[in-house]
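Got a predicted model here, sequence first, then my questions.
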Amino acid sequence: MAWTIICNLEEIPSLGSRIIKSSEGDIAVFRTSSDEVFALFDKCPHKGGPLSQGIVHGKRVTCPLHNWVIELESGEAVAPDEGCAHSIAARLEDGKVSLDLDESITAVA
Amino acid sequence: MQERLVVIGNGMAGMRTVEELLKLEPEKYEITVFGSEPYGNYNRIMLSPVLASEKTIDDIMLNDEQWYVDNGIKLYKGKNVTEIDRVARKVRAEDGTEADYDRLIIATGSNPFMLPVPGADLEGVIGFRDIYDVDRMLDAAKQYKHAVVIGGGLLGLEAANGLMKQGMDVTVVHLMDTLMERQLDAPAGKLLKKSLEERGMKFMMPAQTEQIIGEDRVTGLKFTDGTVIDADLVVMAVGIRPNFSLAESAGLHCERGLVVNDTLQTFDPRIYAVGECVQHRGMTYGLVAPLFEMAKVCANHLAEHGIARYEGSVTSTMLKVTGIDLFSAGDFHGDESTEDMVFQDAASGVYKKLVIKDNKIIGAVLYGDTIDGTWYFQLLRDGTDISDIRENLLFGQAHLGDSGHGDDNRVAAMPDSAEICGCNGVCKGDIVNAIVEKKLFTLDDVRAHTKASSSCGSCTGLVETILAETVGGDYSQAPKKKPVCGCTEHSHDELIAAIKEQGLKSKQAVYEALNWQTDDGCHVCRPAVNYYLLANWPAEYKDDAASRFINERVHANIQKDGTYSVVPRIWGGVTSPTELMKIAEVAEKHEIPTVKFTGGSRIDLLGVPKEKLPAVWGDLSEAGFVSGGAYGKSLRTVKTCVGSEWCRFGTQASMSMGIKLEKYTWGSWMPHKFKLAVSGCPRNCAEATIKDFGVVCVDSGYELHVGGNGGIKVRATDFLCKVDTEEEVIEYCAAFTQLYREEARYLERTAPWIERVGLTYVKEKVVEDAENRKALQQRFEESQKYVQIDPWKERAEGAESHEFTPLTVNAG
């Protein structure tokens, strides 16, 4: 596990996201209206929709394919839907966003 | 520190309030509940099916004892509260149990009214109110033969039906000459009586009970005319009385019920009351729908959100006797100022009556065919003007458009395997199971748990009917006013009005002025708010990308695998060899896997990865193409036939008319997608009569048609008017479009919008009022000034590049 700086906060739009390619698939990095950052693998537990393309609200994102709502913090689907998108620890320090990437996940430059 | 909330009454109203409160503020209160019955909380309206052995007690439990434990609620069951000490803020039960409160909810419900006749206290004379009463009836049915039910109302007939199912010989005694006279008029009451008699039920009516005969146990009944009949069991079902004696003894103001205001507070502001025990604006209620509406408002105030008001309920009724379809709502008797619409088919046992006043439905009685009950009830509560649909009104909703769901089958007769929701593959059995197992009560609950009716919505009526039949007939589904989403209590119409009237010009201003419950809305309300702001303030408000669904944010259609489809505009569907070759070149160069003609006369390029979109657009843009808007809630296509330019039947130049209309109307955002067509003659090859705005050319000019839809529910257009010149076609088209843009609800197509506001209204604004038409056109053109910029070109040139470029990690 190692914190890897991936971008400056400004590079992610408020209430939006960016993706970063990794050896394990795309990772979606989200920014909320209060400038908190979160990261999830970019796959909805329902039908694999790209969560990065969804509408961000509060600490949640709505999948663009069938409107499942996913908690950004845990990756859990909001009830009554059931499922979990894998989350990755993300933090913001001095305006820089970093992810806690497992060694098995290599960010593809 | 937690405040203490005490609830007196463990019935449906009290517990519904607690459930609503737990949803809003689960930690706010330490909750204590007193219930006089020795059970958890059960669905009282389903006692009739229990009596008829169609359901068991377990089936109708809403919250078992574990639920109270899980939610940290202290439940005192079987304890009757006898005293409220408002000074010490303490309640005390019969056995001395005490609880202190900071806030108190009184939900003591009602008691059956027992006729004060001699013998009413004999053994075997009971009411019909709770599980205890049902048990006593079931016991009696095992030992005795003759049952008499006093009262031919809803409850009485359900009790009689249940006792008959238990093998008893049942006579219903009724004071009036019509059964269920509070819900039915005389013809419907007669039909009901006839079908109950066919099942073996006996009636004595009109008849007044003088005395109940017997020594210890009842043996018979004597009437005022001297007649005597045998009876081993007498069930009194002549009405209910709000139970407010406890409140009254605590000095709270009571009249016919415990008086509450619009926030469900009694005269002591720490004490709230909900359910059948209350009197609100002079009304008392004995049905479940109002209780739930009250519970929601009460919980909102207990949670200190403080934004909801209870403004009374309009109720509807269905009888829970299997095999009898009956529905009634509102004022179904009418008077001199009303008119009746009646459909009667005695042979097939169908009777429908609608009472109309000022072109609005104010009451309805349906017998034998109740499939449109929910629809009439909706029209009634919304106060919809029915003048445009009155010809077909009695035949039901299915007869409004040409097809769609609805009249396929009587829902009750459908097998469990019948597919109700075709989008999500949900069968009737799935819905019924979810309602029963998960204790669902509202359409939104059913949508969330089963996904039925959550996609295209065309099965909503069927789902509502199943819901009504499963949870109990007298429960009405949709709240009177439908909030935009969970972030607010306000409806779309209130939102539109507030933006306009209060001059709200930013999302933040809207959220603050209307007390939004969330900081930045959700995927439902944010796009709506964004649209309303754009439509009202085209010059000032800047479209917010974060409020747009992905398709509109990136100007392409997302597909199931996360790639996108790209549809360039082909004006009026008229193209050229050069254009086609250029599209082919782009498709080849970018290795686009699927190329398909759309139903709107253009070409769809499918399977483009997001990162490649700007490059594809760049090449199309260079070739002179602009975005086709195939993804947007905006103008989609203008379909044309070749018209007088080629066709031997053509009367006008439909192709060039179509191209002019498309160049004029593309760009502005709308409540939903918007389609046009121009046909060159009445043969209508461009199918203009299923479009939002359709033009049918005739020799002498142009017929304008509006509000058609070829999708979810096929609806042919309404004829708006006929005009003489192309300039007029443009002017009317602009005015109609702008009226729709300004007044329809977000995600409402023109077809349901016109059905809601009425064609007459649209004509008034667009056809009859020339000045208003011009003003609408002017506002449309103003709005177009800011949006007729090709979004593809901008992005191909680098706008919003963050959307299309993944982040990369810099080594070191």
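Received the coordinates, thanks. Numbers count the residues shown, from 1 in each chain, chains lettered A, B, ... in the order given.

what's across from the spatially most central residue of chain A in the sheet?
Here the mean C-alpha position of chain A is nearest to the C-alpha of A:Ala39 (CA atoms, centre = their mean), at a distance of 2.8 Å. Partner residues in beta bridges with A:Ala39: A:Val29, A:Ile88, with DSSP bridges as the criterion.

what about it, distance to B:Thr805?
Here A:Ala39 is placed at a distance of 18 Å from B:Thr805 (CB to CB, to the nearest Å). For every residue, glycine as well, the C-beta is placed using N, CA and C.

Surely B:Val235 and B:Ala147 touch.
Yes - if you go by CB atoms under 8 Å, B:Val235 and B:Ala147 touch, sitting 6.9 Å apart.

If you count surrounding residues, which of these two has more?
More crowded of B:Val235 and B:Ala147, by other CB atoms under 10 Å in any protein chain shown: B:Val235, with 29 against 26.

Now do the shared contacts for B:Val235 and B:Ala147.
Among the neighbours of B:Val235, those also in contact with B:Ala147 (CB atoms under 8 Å, 6 or more residues apart in numbering or on different chains) are B:160, B:163.

residues in chain B within reach of chain A, list them.
Residues of chain B lying close to chain A (CB under 8 Å from any CB of the partner chain) are B:438, B:448-449, B:454, B:518-523, B:526-527, B:545-551, B:554, B:558, B:560, B:562, B:610, B:802, B:806-811.

I'd like to know which of the residues you listed are buried.
Buried members of the residues of chain B next to chain A, counted by 16 or more other CB atoms under 10 Å in any protein chain shown: B:448-449, B:454, B:518, B:520-523, B:526-527, B:546-551, B:554, B:558, B:562, B:610, B:807, B:809.

any idea how far the closest residue to B:Gln265 other than its chain neighbours is from chain A?
Spatially, and ignoring its direct neighbours in sequence, B:Gln265 is nearest to B:Tyr272 (5.6 Å; CB to CB, 6 or more residues apart in numbering or on different chains). With the distance defined as CB to the nearest CB, to the nearest Å, B:Tyr272 ends up 28 Å from chain A.

What of B:Ser110?
Separation of B:Ser110 from chain A (CB to the nearest CB): 33 Å.

And for B:Ile57?
Taken as CB to the nearest CB, the span from B:Ile57 to chain A is 26 Å.

Report pLDDT for that residue.
Predicted confidence (pLDDT) for B:Ile57: 86.

ok, now which ones touch the one residue in the stretch 551-700 of chain B that gets nearest to chain A?
Of all residues in the stretch 551-700 of chain B, B:Gly562 sits closest to chain A, at 4.3 Å by CB to the nearest CB. B:Gly562 sits next to A:48-50, A:53, B:610 when contact means CB under 8 Å, 6+ apart.

On the three-state scheme, it is what?
When states are read from DSSP: H, G, I helix; E, B strand; the rest coil, the local structure at B:Gly562 comes out as coil.

Kindly report the same for B:Gly461.
On the three-state scheme (three-state DSSP), B:Gly461 is labelled helix.

Surely it and B:Thr374 touch.
Yes - under the criterion of CB under 8 Å, B:Gly461 is in contact with B:Thr374, at a separation of 6.2 Å.

Where does the prediction get shaky in the chain?
If you meant another chain, say so; for now it's chain A. Across chain A, the stretches falling below the confidence threshold (pLDDT under 70) are A:1, A:103-104, A:107-109.

The intended chain is chain B.
Residue ranges of chain B with pLDDT under 70: B:320, B:322, B:398-410, B:412-413, B:472-480, B:810-812.

Identify the residues contacting the helix with the most length in it?
What stands out as the longest helix in chain B, according to DSSP state H, is helix B:726-743. Residues outside helix B:726-743 that contact it (CB under 8 Å, 6+ apart): B:496, B:535-536, B:657, B:660-661, B:664-665, B:668-671, B:674, B:676, B:692-693, B:695, B:702, B:704, B:706, B:720-721, B:723, B:750, B:753, B:757, B:762, B:765-767, B:772-774, B:776-777, B:779-781, B:783.

Show me what the helix or strand just after that helix is packed up against.
For helix B:726-743, the following helix or strand on the C-terminal side (DSSP states H and E) is helix B:750-757. With contacts taken as 3 or more CB pairs under 8 Å, 6 or more residues apart in numbering or on different chains; DSSP states H and E, helix B:750-757 sits against helix B:726-743.

buried sites along the helix it packs on?
Judged by neighbour count using 16+ other CB under 10 Å, the buried positions of helix B:726-743 are B:726, B:728-743.

now stretch B:48-61
Residues B:48-52, B:55, B:60-61 are the ones in stretch B:48-61 that count as buried (16+ other CB under 10 Å).

which one of the residues you listed sits closest to B:Thr315?
B:Thr315 lies nearest to B:Ser48 out of the buried residues of stretch B:48-61, by CB to CB, at 17.5 Å.

if I look at that closest one, how far off is chain A?
Computed as CB to the nearest CB, the B:Ser48 to chain A distance reads 29 Å.

Who are the contact partners of that residue?
Neighbouring residues of B:Ser48 by CB under 8 Å, 6+ apart: B:155, B:158-159, B:161-162, B:320-321.

Smallest gap between the stretch 651-800 of chain B and chain A, at which residue?
B:Glu800 (8.9 Å).
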